[in-house]
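> 3D model of this:
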Amino acid sequence: MQLTLGPVLYNWQPERWRDFYFRMADEAPLDRVVVGEVVCSKRAPFFEPHLPEVIERLMAAGKQVLLGSLVLVSLRRERRQTASLAEFGHGLVEVNDLTCLKSIAGRPHAIGPFVNIYNEASAAFHAAQGATRICLPPELPLSSVAAIAGAVPQVEIEVFAFGRVPLAISARCYHARLHKLAKDNCRFVCEQDPDGLVVTTLDNEAFLTMNGVQTLSHGCCNLLGDLDRLTQSGVRSLRLSPQACDMVAVSEQFQAVLAGRVEAEAARDRLREIYPDVPFANGFLHGAPGASYVSG
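Next up, the predicted model:
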C-alpha cells in the first residue's frame, strides 16, 4: 500500500502553496504527489510560476509527480490549458475531465477521483485507453471498490482516504455570489477561506463546505480504521487530500499504521489533534450515509 498526496483544492497564497509542496517533498513519507490547479482555471496563473521548482523539488526527493487536469472544462482558454498537458514530460497526467483524454491519446495516464468510474466495465474501458492507475470516486462502497479492483488487476487502484470529500463542481462560483460579485470579477475572494467555507443549515448545523465553484463535505474522510479491508480488496494506494493542517503529520500517521508501528485507533486520536473541530467520516465505504462514521 502506497500513499498519494492529492492536489491542493483550495485557493492558497502562491508562496504558501509553494512552501507547502517544498515541505511535503522534504519531510512527508509519500510515494507520489499530484500538483496543478484542478478546481478553477482563474487561479492557475498565480501558481504556474512556482510549478517547475515544485516539480523539481518533489522529484529530487524521490516522489513520483502527477499533473492534474481541470475538473470542469467549459471555456476556450480552459480547453487550451487542458491540451497543453500533453507537453508534460515529468510524469503522468491525471485526468479529471474526459475532454483531457483527446490531448493524451495513446499515452499512459492516471484517472482522478472526479471521473465517474462506478463499475468494472468503465474501469476496463479506461484501462484499454491507457490508464495505469485509477483513483476511484470517494462515494463508492467497499464491495464496488473490490469488484473494480478485481476486474482490472493491471491497474493500480487508489481510494480517497483523508480530507474533505469533493462532491460536486459547478460553472457558477458560490464564493463570488456570496460576496455579491460576478464570477468574472470575483476578486479571488475564495482565498479568504483556505480550508473552505462551511455551509450551515437553517438550524445552524454544519452541512457542506464551499470552495469557489466546488462543493465538498463538511466532515473529513478518514479511512485509517479500514486499511486492512482496503488491502484485502485489492486497493494499492491511499489518497490524502491537503487540508489547512499539518499534512506531514497526517501522512506520518497513515504510514505508521501501514507499517504496523501504531494501532489505527491511536493514530485516529492523533489525527483529531492534528485536524480538530472537523468530524471524521467513512460512511460511503460502508454503504452508509457519507457523513457518518462507522467504527470497528
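> what are the ranges of the strands in the stretch 151-296 of the chain?
Using DSSP state E, counting those that start in this stretch, the strands of the stretch 151-296 of the chain run over residues 156-169, 197-200, 206-211, 214-222, 237-240, 280-281.
> could you say what helices and strands the third one packs with?
Contact analysis of strand 206-211 by 3 or more C-beta pairs under 8 Å, 6 or more residues apart in numbering; DSSP states H and E lists helix 174-178, strand 197-200, strand 214-222 as its packing neighbours. Any C-beta I mention is one placed from the backbone N, CA and C, and that applies to glycine too.
> now these in CSV, with distance to residue 145 and mean neighbour count?
Formatted as CSV, those follow (distance: least, C-beta to C-beta, whole Å; neighbours: other C-beta atoms under 10 Å):
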stretch, distance to residue 145, mean neighbour count
helix 174-178, 30, 18
strand 197-200, 28, 14
strand 214-222, 14, 23
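> quick one: the residue sitting furthest away from the middle of the chain and residue 69, what's the gap?
In the chain, residue 203 marks the outermost C-alpha relative to the chain mean, sitting 30.0 Å out by C-alpha atoms, centre = their mean. Using C-beta to C-beta, to the nearest Å, residue 203 is found at 38 Å from residue 69.
> again with residue 247
Separation of residue 247 from residue 69 (C-beta to C-beta): 22 Å.
> of those two, who's got more company?
Looking at residue 247 and residue 69 with other C-beta atoms under 10 Å, you find the greater number of neighbours at residue 69, namely 28 against 24.
> what about the residue lying closest to the more buried one once chain neighbours are set aside, neighbour count?
Nearest residue to residue 69 in three dimensions, chain neighbours excluded: residue 100, at 4.2 Å (C-beta to C-beta, 6 or more residues apart in numbering). The criterion is other C-beta under 10 Å. On that basis, residue 100 has 24 neighbouring residues.
> these two touch, right, residue 100 and residue 81?
No: applying C-beta atoms under 8 Å, one finds residue 100 not in contact with residue 81, separated by 10.1 Å.
> what do those two both touch?
Residues within reach of residue 100 and of residue 81 at once, by C-beta atoms under 8 Å, 6 or more residues apart in numbering, are residue 70.
> the helices in the stretch 51-200 of the chain, which residues?
51-60, 76-83, 100-103, 120-128, 142-151, 174-178 (DSSP state H, counting those that start in this stretch).
> Could you dump these into a markdown table with mean pLDDT added?
Shown next, in a markdown table, are these (pLDDT from 0 to 100):
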| stretch | mean pLDDT |
| --- | --- |
| helix 51-60 | 96 |
| helix 76-83 | 89 |
| helix 100-103 | 89 |
| helix 120-128 | 96 |
| helix 142-151 | 97 |
| helix 174-178 | 91 |
